[in-house]
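> A structural model of the following input is requested.
(2 chains)
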Amino acid sequence: MLEIKNLHVKLEEEDKQILKGVDLKVGEGEVHAIMGPNGSGKSTTSYVLSGRDGYEVTEGEVLLDGENILELEPEERAAAGLFLAFQYPVEIPGVGNMTFLRTAVNAQRKARGQEELSATDFLKEIRAKAKSLKIDAEMLKRPVNVGFSGGEKKRNEILQMAMLEPKLCILDETDSGLDVDAMKLVSEGVNALRDGKRSFIVITHYQRLLDHIKPDVVHIMSNGRIIKTGGPELALEVENNGYADLLAEVEGA
Amino acid sequence: MNRAELKQRKLDATSVRLEGMTLPAGAAWAEALRQDALSRLLAMGLPQGRDEYWRWTRPDTLNADAAKPAVVFHADEAPVFSGIDRIKLVFVDGVFDAEASDALEGENLEIMRLSDALSADIHWVKDAYGVQEKKAQEPVERPFATLNTAFATDGVVIRATGKVAKPVSLVYLHRDETSDAILHHVIRVEDGADLTVLENGPAAARFNKVMEVEVSDKAAFHHVRAQGRDHERRAVTHVFATIGQEALFKSFTMTANGVLTRNEVVLDIQGDDSMAHVAGAALGDGDFHHDDTVFITHDAERCESRQVFKKVLRNGAKGVFQGKILVKAGAQKTDGYQISQGLLLDGDSQFLAKPELEIYADDVACSHGSTVGAIDEEALFYLRSRGVPTAEATDLLTLAFLAEAIEEIEDEAIAEDILHRLEGWLTRRRVG
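Residues are numbered from 1 along each chain as shown, chains lettered A, B, ... in the order given. This next block holds a predicted model:
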């Protein structure tokens, strides 16, 4: 599904190397968690994958189903099946949530050579999906994320994910700013999308999200590299001992 | 240049402009009103670039002895408001076309061609024609409106005596590449009446239009205007309105393209507890020049006024906003709001704004803001990351930027029509 090979990334504006050789392979239907201390490069990885400006790839490649996506525009990556759930979803005054979603869904369908969804079909689908995420009609009408609470914003991200049906979902600290109930709701939304084919990269500081979204593989990232990879037990180890021991262990090795 | 020299230039410009023009004939009272306007015009002279009020919009082409030719624009779509059930009045190059127009009648409505009204021995318009235009010369001169009062050759006189179900739709067609049109409309919305006036079309190569509106107590007047997509015409327009007690005045203008558009709106709120809203959404490219000049006087208590002006500019287009709120002593509890914003789609375009507040009452709430900026990069990336291509995402954000102005249109069907136009026009620009 996804293969990141020796990815080196620096900031475009300044001479600062952020990723220093990231290697990662995510198979079909797998859920991978990336954990690590602040500033280790987790969010940068998600931004570079989605094509955000401001980063320069100096080495390496990213293959999505064998295609190097680093050459693609963000909208082309989206159409190719990549989805990033933002850590801080953007507020867009003046654009209705529903209009936004319909435009996005149809733009992707068009890019893939599919017919646009009719207004009725779209409405039917979004109502059903919104309901399971406890997003009411009012929230669909409001401008994108404007005046939404932290939990509402994250639920809205998951709704977009559900509507766009990507191959690969990247969740960038989706648990930040969520209370326990909201986290449960969001996790249920994500789990509902696990169908054995769709893959996930879950970026988080804390193990608690992984109680709800069970990962197959856990990676620890530090200083621009993945320094350790293991099973779900690795997340527990971090939870119990913090990152210090792990980092020391790697540096010692 | 000293003041005497400037004055001389203004007077010289006036002689050039008026060369060969004669005052239209009419009833004695009408001819006297025209003669009065001509005298006033000859005393003040036409504006020069040195005039503060014309600093950002060059009046040269409006002053010239003839209209600069403008290629006739052939639209590939049905004109705006086509789908609205309306009373359609058509003007071709500034001349009323009875054949192409609906009958001049309607329930609670009296419509007459201006020249007919000004030829009648007795007509209420005697007390209205040029009256607001004249009053509005203080504190700022508006010579093109005065020129209009003197020389207007056509127009309509409308009186609404109750709720008028269908909008009166003024359609301005342009067929002659060098046409120079001067239209003057006088509208009276009587106590408790309700009238909507629509305007659209390029009108002429050069177009000077005045609309004088009297909104009486508990009356409502809605005005929705669409200018564009023709590009080469030049237009200077004035809307003058007096607003009575518990009355409502709402005016919205959409402009797309146009090498020169100057829309002046002068409102005088005279009755307590009234509302006056003026809004504009403009979309321009290249040598587009668009100027909104607004002057709102609050002379009554507990009134609300809103000015919402948005301009989307690219490829060197220029947008101008001059907006003033004057709150007279005694106009307590005034609620005035003014926002003017420029969205620059590139580094070449320009948005110039001069918001002004002048307040003599002590218990008022007035706010104003003016911003100029580019498309929000964060929002753009968010949309693109969801699969929306850059051009389409930019259009979506552009419409979002204009939304606050469009929301000022009260009638849903008309608002929908305007919105679809804008969407279509943006798409056309995108596909080239």
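
> what's the closest non-adjacent residue to the residue in chain A that chain B sits nearest to?
For chain A, the residue closest to chain B is A:Gly94, as judged by CB to the nearest CB, at 2.8 Å. No exception for glycine: its C-beta is placed from N, CA and C like everyone else's. In space, and not counting its chain neighbours, A:Gly94 is closest to B:Ala400: 2.8 Å by CB to CB, 6 or more residues apart in numbering or on different chains.

> now do the contacts for the one you found.
Each residue near B:Ala400 by CB atoms under 8 Å, 6 or more residues apart in numbering or on different chains is listed here: A:92-95, A:143.

> list the buried residues in stretch A:52-72.
By 16 or more other CB atoms under 10 Å in any protein chain shown, the buried positions in stretch A:52-72 come out as A:52, A:55, A:60, A:62, A:64, A:69-70, A:72.

> mean confidence for that stretch?
Per-residue pLDDT values over stretch A:52-72 give a mean of 94.

> repeat that for stretch B:1-11.
For stretch B:1-11, mean pLDDT rounds to 90.

> pLDDT weak spots in the chain?
Defaulting to chain A. A:251-253 (pLDDT under 70).

> the intended chain is chain B.
Across chain B, residues meeting the criterion (pLDDT under 70) sit at B:430-432.

> most centrally placed residue in it?
When chain B is reduced to its mean C-alpha position, the nearest residue by CA atoms, centre = their mean turns out to be B:Asn263, at 4.1 Å.

> any idea how far A:Val22 is from that residue?
Per CB to CB, to the nearest Å, B:Asn263 is found 57 Å from A:Val22.

> do B:Gly244 as well
71 Å.

> compare the two (neighbour count), which wins?
Regarding B:Gly244 and A:Val22, a neighbour count based on other CB atoms under 10 Å in any protein chain shown identifies A:Val22 as having more, with 24 against 21.

> would you map the helices across the stretch 51-200 of chain A?
Ranges of helices in the stretch 51-200 of chain A, per DSSP state H, counting those that start in this stretch, are A:74-79, A:97-111, A:119-132, A:137-141, A:150-164, A:180-192.

> so A:Asn97 sits right up against A:Val144, yeah?
Yes - here A:Asn97 lies in contact with A:Val144, judged by CB atoms under 8 Å, at a distance of 5.2 Å.

> B:Lys135: how many residues sit nearby?
So B:Lys135, with other CB under 10 Å, has 13 neighbours.

> now swap in A:Arg112 and tell me
A total of 11 residues lie near A:Arg112 under the criterion other CB under 10 Å.

> grab the nearest non-local neighbour of it.
With CB to CB, 6+ apart as the criterion, A:Arg112 has its nearest non-adjacent residue at 6.0 Å, and that residue is A:Ala79.

> what about the one you found, distance to A:Glu73?
9 Å.

> of the two, who's got more company?
Of the pair A:Ala79 and A:Glu73, A:Ala79 is the one with more neighbours under other CB under 10 Å, namely 20 against 13.

> quick one, what contacts the more buried one?
Counting by CB under 8 Å, 6+ apart, A:Ala79 makes contact with A:107-108, A:111-112, B:387.

> among these, name the buried ones.
When the contacts of A:Ala79 are checked for burial by 16+ other CB under 10 Å, the buried set is A:107-108, A:111, B:387.

> just the closest of the residues you listed to B:Gln307, please.
Distance to B:Gln307, by CB to CB, is smallest for A:Ala107 among the buried ones among the contacts of A:Ala79, at 35.4 Å.

> show me which residues of chain A sit near chain B.
With the criterion set to CB under 8 Å from any CB of the partner chain, chain A comes near chain B through A:50-53, A:73-75, A:77-79, A:83-84, A:86, A:89-95, A:99-100, A:103-105, A:107-108, A:111, A:143-144, A:160, A:164.

> at 6 Å what do you get?
Remark: the part of chain A in contact with chain B comprises A:50, A:52, A:74-75, A:78-79, A:84, A:90, A:92, A:94-95, A:103-104, A:107-108, using CB under 6 Å from any CB of the partner chain.

> farthest-apart pair in those residues, please.
When CB to CB is used, the two most widely separated members of the residues of chain A next to chain B are A:Ala79 and A:Gly94, lying 24.8 Å apart.

> what strand or helix carries the residue nearest to A:Gly21 when sequence neighbours are not counted?
Using CB to CB, 6+ apart and skipping the chain neighbours, the partner closest in space to A:Gly21 is A:Asn6 (5.2 Å). Taking DSSP states H and E as the criterion, A:Asn6 maps to strand A:2-11.

> what does chain B put close to chain A?
B:378-379, B:381-382, B:384-389, B:396, B:400, B:403.

> now, of these, which are buried?
Judged by neighbour count, with 16+ other CB under 10 Å as the criterion, the buried members of the residues of chain B next to chain A are B:379, B:381-382, B:384-389, B:396, B:400, B:403.

> sitting in helices, which of those residues do you find?
Within those, residues falling in helices by DSSP state H are B:379, B:381-382, B:384-385, B:396, B:400, B:403.

> how close does the closest residue to B:Lys333 other than its chain neighbours sit to chain A?
The shortest distance from B:Lys333 to any non-neighbouring residue, by CB to CB, 6+ apart, is to B:Arg302 (4.3 Å). To chain A, B:Arg302 is 30 Å away according to CB to the nearest CB, to the nearest Å.

> B:Arg302 contacts B:Met275, doesn't it?
No - contact between B:Arg302 and B:Met275 fails when scored by CB atoms under 6 Å: they sit 10.1 Å apart.

> more crowded one of these two?
Neighbours of B:Arg302 and B:Met275, each counted by other CB under 10 Å, are more numerous for B:Met275; the result is 17 against 14.

> list the contacts of the residue of the stretch 151-300 of chain B found nearest chain A.
Residue of the stretch 151-300 of chain B nearest chain A, by CB to the nearest CB: B:Ala281 (12.0 Å). By CB atoms under 6 Å, 6 or more residues apart in numbering or on different chains, B:Ala281 lies in contact with B:254, B:310, B:402, B:405.

> just those: which are in strands?
The subset of the contacts of B:Ala281 located in strands under the criterion DSSP state E comprises B:254, B:310.

> now B:Leu170, what are its backbone angles?
The phi and psi values for B:Leu170, taken as degrees, to the nearest 10, are phi -90, psi 120.

> not counting sequence-adjacent ones, nearest residue to it?
Of all residues not flanking B:Leu170 in the chain, B:Glu199 sits nearest, at 4.7 Å (CB to CB, 6+ apart).

> can you give me the helices for chain B?
Under the criterion DSSP H, chain B carries helices at the ranges B:3-18, B:28-44, B:60-63, B:114-117, B:131-135, B:143-151, B:377-385, B:390-406, B:412-431.

> save the contacts of B:Ala281 as CSV, and put in neighbour count too.
Putting the contacts of B:Ala281 into CSV (neighbours: other CB atoms under 10 Å in any protein chain shown) gives the following:
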residue, neighbour count
B:Met254, 26
B:Lys310, 24
B:Leu402, 27
B:Ala405, 24
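
> spatially, which two of the contacts of B:Ala281 are the most separated?
Spanning the widest gap among the contacts of B:Ala281 are B:Met254 and B:Lys310, at 10.2 Å by CB to CB.

> which one is whichever residue of the stretch 51-200 of chain B sits closest to chain A nearest to, not counting chain neighbours?
Relative to chain A, the nearest point of the stretch 51-200 of chain B is B:Gly83 (19.2 Å; CB to the nearest CB). Nearest residue to B:Gly83, sequence neighbours excluded (CB to CB, 6+ apart): B:Asp417, at 6.5 Å.

> from B:Phe309, how far out is the one you found?
When CB to CB is applied, the distance between B:Asp417 and B:Phe309 equals 20 Å.

> those two - which one has more neighbours?
Neighbour comparison, B:Asp417 and B:Phe309: the larger count goes to B:Phe309, with 28 against 21 (by other CB under 10 Å).

> let's verify A:Val202: helix, strand, or coil?
At A:Val202, secondary structure determined by DSSP: H, G, I helix; E, B strand; the rest coil is strand.

> and for residue 83, the neighbour number?
Here I'm looking at chain A. By the other CB under 10 Å criterion, the neighbourhood of A:Phe83 contains 24 residues.

> oops, chain B please
In terms of burial, B:Gly83 registers 12 neighbours under the definition other CB under 10 Å.
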